[in-house]
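J.: got a structure for you, letters missing:
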């Protein structure tokens, strides 16, 4: 064999091994726990009030229905307190406070653009039902613009997006 044929064979085998070495193969599962900040609920409340949030605690399970494509459920909890100071024409300054919690259950999906054993990059969406007495609309969403997972079976992850999980989220996940 000449050098071009050997180089072509090495390139082909390398490309094949990269394709085979996917971390997210059909039939695999993932559980995760994460903490997010500035959820859609906190953002909406902060328009009208000074808002304090506990942050969003997220628990999730996903299943790879195809290579790189996962579907699952997520459970989120957040508690928010708000203070609104306003001027009353009949009696000076008044302060109103509010407090509520949001329990969210969602169906989610994500696609892994890069799916290596130790590194994954992905985007995803989620649709949710929210249990709270604060909002009239009991449906919510999550758009994860960019997510990173670093590690093999047990890994750390970070996500940027907007919705019930927050603008930024960090956590840990385990794939099996």
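T.: Arrived safely. Predicted, not measured: the structure shown is a model, and the values here were computed from it.
J.: make it CA atoms for all contacts and neighbour counts henceforth
T.: Noted.
J.: gap between the nearest residue to residue 98 once chain neighbours are set aside and residue 140?
T.: Excluding the flanking residues, the one nearest residue 98 by C-alpha to C-alpha, 6 or more residues apart in numbering is residue 82, at 5.1 Å. Distance, residue 82 to residue 140, using C-alpha to C-alpha, to the nearest Å: 20 Å.
J.: do residue 74 as well
T.: 12 Å.
J.: look at these two and report which has more neighbours.
T.: residue 74 (21 against 17; other C-alpha atoms under 10 Å).
J.: give the contact list for the closest residue in space to the more buried one that isn't next to it in sequence.
T.: Using C-alpha to C-alpha, 6+ apart and skipping the chain neighbours, the partner closest in space to residue 74 is residue 60 (4.3 Å). Contacts for residue 60 (C-alpha atoms under 8 Å, 6 or more residues apart in numbering) come out as 31-33, 72-75.
J.: please narrow these to those residing in helices.
T.: Assigned to helices by DSSP state H, none of the contacts of residue 60 qualify.
J.: of all those, which comes closest to residue 66?
T.: residue 72 (12.7 Å; C-alpha to C-alpha).
J.: which residues in the chain form helices?
T.: 3-20, 40-46.
J.: where does pLDDT dip in this protein?
T.: 1-24, 85-94, 134-135 (pLDDT under 70).
J.: one more pass at 50, please.
T.: 16-21 (pLDDT under 50).
J.: does residue 74 touch residue 56 like I think?
T.: No: between residue 74 and residue 56 there is no contact under C-alpha atoms under 8 Å: 11.8 Å.
J.: follow-up on the earlier one: ok, the contacts of residue 60 vs residue 169, which is closest?
T.: residue 33 (10.0 Å).
J.: may I have the beta-bridge partners of the nearest residue to that closest one once chain neighbours are set aside?
T.: Nearest residue to residue 33, sequence neighbours excluded (C-alpha to C-alpha, 6+ apart): residue 59, at 4.6 Å. Beta-bridge partners for residue 59, by DSSP bridges, are residue 33, residue 75.
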